[in-house]
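Undergrad: only geometry, no sequence info:
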Ligand SMILES: CC/C=C\CCC/C=C/C(=O)SCCNC(=O)CCNC(=O)[C@H](O)C(C)(C)COP(=O)(O)OP(=O)(O)OC[C@H]1O[C@@H](n2cnc3c(N)ncnc32)[C@H](O)[C@@H]1OP(=O)(O)O
């Protein structure tokens, strides 16, 4: 069921290069990795595939906070497509190589002071990322080793399973309302599927960022572990899910996610127009600028 890039309307995403060219320049020289390990890396994401287990680890490496810029999202989708098309890969662990942050969500700079065409291109890339991950045939586990607001939380929610590191400083949630913006229906649907309607309604209206124990209590994350156990736990979970016959697990996943995915695909263009109209409003631009100012002031 994964949606092929090539099936997308021409020119909508990934203007950069053919599949054969992806990541070639940055490929690891032979001999640096164990024989059963393949790696590819671009600027913002590192992927290592262990062909003996069939599990890839994707590490976000876009400091300072792994914000989801257009370039990041493009790399993310290309990496996903490469793995999806690789018969040696059946499972994916997504984690961060940046200390203390999994992902800070959508890059706010992509939503400020740009043209309507840019907003449309950016939003299409956000949609594409979600569609690919939500419809993936792979077992997907988010190994959340840092804070994960808004779009970062969406990536985690879109996976099959979420494991978060216990740390009193880490937060996770869909805090869009705090920025004066609105989580779109497919963010909301993904959230509701994980935590239920009542919890999602309260959390979304208040734009809550949950502590790790709270996130665990409401079902936003499935498990909490100490930092040093995260990798081991994520590998164990993927192995458990991969022990089932692929076709049975994949068809079940597809059945469980079909309604939400179909709804989004049916309203994709309308959703882009809605985003462009909303984000172009002066009042929304002002809210986002004030939020960025607040982030910078917090540091000083
Ligand atoms: C109709 C539909 C309409 C709209 C839908 C839109 C949906 C939007 C979804 C989103 O994802 S919006 C983004 C929401 N994200 C946030 O609110 C997170 C903000 N960031 C933080 O809370 C923190 O940065 C942190 C992730 C907790 C990390 O804290 P830390 O103290 O480690 O870093 P610091 O805050 O100092 O940030 C470093 C640096 O990075 C800049 N930054 C942070 N987040 C973003 C971001 N999302 N986009 C762009 N830039 C970001 C921050 O300003 C600092 O920059 P500086 O060094 O130049 O000051």
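TA: Sure thing, it's come through. Computed from a predicted model, the values in this text were never measured in an experiment. Numbering: from 1, shown residues only.
Undergrad: What parts of this protein come near the ligand?
TA: In this structure, the chain approaches the ligand at residues 64-65, 67, 100-101, 104-109, 147, 149-151, 175-176, 179, 181-182, 184, 274-275, 278-279, 292, 295-296, 299, judged by C-beta under 6 Å from any ligand atom. Placement of C-beta: from N, CA and C, glycine included.
Undergrad: Can you select the buried ones from those in ChimeraX?
TA: A single ChimeraX command selects the buried members of these (16 or more other C-beta atoms under 10 Å):
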select :65,67,101,104,105,106,107,108,147,149,150,151,175,176,179,181,182,184,275,279
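Undergrad: Please list the members of the residues of the chain next to the ligand that lie in helices.
TA: Among the residues of the chain next to the ligand, the ones falling in helices (DSSP state H) are 151, 274-275, 278-279, 292, 295-296, 299.
Undergrad: Widest-spaced pair of those residues?
TA: Comparing all pairs in these by C-beta to C-beta, the longest separation belongs to 274 and 299, at 33.1 Å.
Undergrad: Please state the offset of stretch 65-77 from the chain centre?
TA: Relative to its parent chain, stretch 65-77 has a centroid offset of 9 Å by C-alpha atoms, centre = their mean, to the nearest Å.
Undergrad: wait, I meant stretch 35-45
TA: Its chain's C-alpha centre and that of stretch 35-45 lie 18 Å apart, by C-alpha atoms, centre = their mean.
Undergrad: In that stretch, which residues are buried?
TA: Going by neighbour count (16+ other C-beta under 10 Å), the buried part of stretch 35-45 is 38-42, 44-45.
Undergrad: So which of those are in strands?
TA: 38-41, 45 (DSSP state E).
Undergrad: Looking at these, spot the one nearest the ligand.
TA: Checking those against the ligand by C-beta to the nearest ligand atom gives residue 45 as the nearest, at 16.9 Å.
Undergrad: can you list the ones in strands among the buried residues of stretch 35-45 in TSV and add distance to residue 171 and pLDDT?
TA: Shown next, in TSV, are these (distance: C-beta to C-beta, whole Å; pLDDT from 0 to 100):
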residue	distance to residue 171	pLDDT
38	34	91
39	31	92
40	31	90
41	28	86
45	23	98
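Undergrad: of all these, which comes closest to residue 84?
TA: Nearest to residue 84 among those, with distances taken as C-beta to C-beta, is residue 40, at 13.8 Å.
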